[in-house]
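# give me a model of this one.
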Amino acid sequence: MIRVRDVVMRLSSGGRPLTILDGVTLDVAAGEVCAITGPSGSGKSTLLAILSGLLRPDAGDVWLLGQPLWQLTEPEREAFRLRHCGFIFQAFNLFPALTAQQQLEIALEWASEVPPAEIPARARERLETLGLTEQLHLRPTELSGGEQQRVAVARAMAKCPALLFGDEPTAALDWDNAQLVLDLLVRAAGEDGSTVLAVTHDERLILRARELYPQTRALRLDNRDLVEP
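Residues are numbered from 1 along each chain as shown. Below is the predicted model:
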């Protein structure tokens, strides 16, 4: 599902070149949950952006669902992401003018095969699963940080994507809600067949995921490559 070979990313810091990723290679199988850990500044979020088609690497190859991601044109990548990928952003990236339910409805309208008449019910069901029944009609400014994060998770999972990317998907959540989100991510892999790739600092969640789902793997990024912790 995800195949990465020799990915390199360099940036400039104080006028000097800085290598963020140096020859990263990775394979993630269909239906697998893969957690990437590592210290702050090790390039975890950068790697996730590259693998999800949001940031072009300086070198290396990425294949998603057999497609050579960085050989596609920008419109082709956008169409691919829209059809096959779900994203849980660390900064939430919710639309300010839309309610929680509308956040999901617009995602389903753009990128799913759900019949239009069924979209409102699907959006409500996803939000209610995450304990947001009372927040359906609230906008982002009316939600707490944890509630915004749960809306972002629900939106990413609404269309049952083949590829689900998460950048610290539980960072703003207390332990109970973090476990609820984790349960849903594991269910997405086990029941929907999604491949889940998430960046996280919370090793408790990795251990919990392994208890729930044997196809969970953790890798550590140390500024050079991905290694077993």
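
# Arg150: how many residues sit nearby?
Per other Cβ atoms under 10 Å, the neighbour tally for Arg150 reads 29. C-beta here means a position set from N, CA and C on the backbone, and glycine is covered the same way.

# er, Leu219 actually
18.

# what sits against it?
Taking Cβ atoms under 8 Å, 6 or more residues apart in numbering as the criterion, Leu219 is in contact with 26, 34-37, 226-229.

# list just the nearest of these to Leu69.
Top of the list for closeness to Leu69, among these and by Cβ to Cβ, is Leu26 at 13.2 Å.

# sorry, back to before: quick check, nearest of the contacts of Leu219 to Leu64?
Closest to Leu64 out of the contacts of Leu219 is Leu26 (11.9 Å), distances taken as Cβ to Cβ.

# which SS class is Pro17?
Judged by DSSP: H, G, I helix; E, B strand; the rest coil, the three-state class of Pro17 is strand.

# okay, and the beta partners of it?
Each beta-bridge partner of Pro17 is listed here, defined by DSSP bridges: Ser12.

# so it sits against Arg10, correct?
Yes: using Cβ atoms under 8 Å, Pro17 is in contact with Arg10, at 5.4 Å.

# quick one: which of the two has more around it?
For Pro17 against Arg10, the residue with the higher neighbour count under other Cβ under 10 Å is Arg10, and the figures read 14 against 8.

# coming back round to it: which one of the contacts of Leu219 has the most neighbours?
Neighbours were tallied for each of those (criterion: other Cβ under 10 Å), and the maximum of 25 neighbours falls on Ile36.

# quick one, what contacts that one?
For Ile36, the contact set (Cβ under 8 Å, 6+ apart) comprises 44, 47-48, 197-200, 218-221, 226.

# partners of the helix or strand hosting it, with directions?
Here Ile36 is covered by strand 33-37, with elements defined by DSSP states H and E. For strand 33-37, the paired strands and their directions (DSSP bridges) read strand 195-199 (parallel), strand 216-221 (parallel).

# following element in sequence after it, please.
From strand 33-37 onward toward the C-terminus, using DSSP H and E, the following helix or strand is helix 44-51.
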